[in-house]
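Engineer: Sequence and predicted structure below; questions after.
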Amino acid sequence: MKRLIATAAWFVFLPLLATAQVSDYSKGHGYAYFAPGAMVHTGCGECARATAHVGAGGEGFLTRNLGLGADIGYLAPMRSWGDGIGTFSPNFVVRFRAKDDENKVEPFVTGGYTLFFRSGTANGFNVGGGVNYWFKDHVGLRFELRDNVWTEFGTVHYVGFRIGVTFR
């Protein structure tokens, strides 16, 4: 368990280390989100349930457009908030920045591994995409569609529309 916590901490703080570089492309950022969504089990036609996902993370960039990120969150059914699971997702991220750096809209795509945890752990993956809208130099809004997929006992999709703040 100590090893898992140390690995999780490394991936959460790795993007922050990348922001210490002095070049322009390395501007990393953090974010916090709330995501209403749904759990859909592909083997069950009527098994969709409303969910909510809350969490925070960060991203640091190795080149102008390619970076690493990680987030940690809590995902639960809307009707029984106490029956949720934790998520930890280290990811690759590709952003599409304008060359002039004056554009306030920053689209991105992301994907990687997802660790689901509660009394035990399960492995999965995630894919997503969205946009950061920087209304000030250091503060913006984040909109993202993310699918966390659990594949150990059939395929379960946790799809959420993340709405949040981003800051650097």
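Structural biologist: Looks like it arrived, so ask away.
Engineer: CA atoms for contacts and neighbours, from now on please.
Structural biologist: OK.
Engineer: for stretch 86-106, how far is the first residue from the last?
Structural biologist: 28 Å (CA to CA, to the nearest Å).
Engineer: Contacts made by it with the rest, please.
Structural biologist: 8, 11-12, 59, 64-75, 107-118, 125-126, 131-135 (CA atoms under 8 Å, 6 or more residues apart in numbering).
Engineer: In the chain, mark out all the helices, start to finish.
Structural biologist: Counting by DSSP state H, the chain has these helices, from start to end: 2-18.
Engineer: circling back to that earlier point, can you tell me which of the contacts of stretch 86-106 end up in strands?
Structural biologist: Members of these lying in strands (criterion: DSSP state E): 59, 66-75, 107-117, 125-126, 131-134.
Engineer: if we can go back for a sec, which of the contacts of stretch 86-106 count as buried?
Structural biologist: Neighbour counting with 16 or more other CA atoms under 10 Å marks 8, 11-12, 59, 64, 66-75, 107-116, 125-126, 131-134 as buried within the contacts of stretch 86-106.
Engineer: number of nearby residues for the closest residue to Gly160 other than its chain neighbours?
Structural biologist: In this structure, Gly160 finds its nearest non-sequential neighbour in Gly37, 4.0 Å apart by CA to CA, 6 or more residues apart in numbering. Gly37 has 24 neighbours, counted by other CA atoms under 10 Å.
Engineer: And the one 3 residues further on, by the same measure?
Structural biologist: The tally of other residues near Val40 (other CA under 10 Å) stands at 19.
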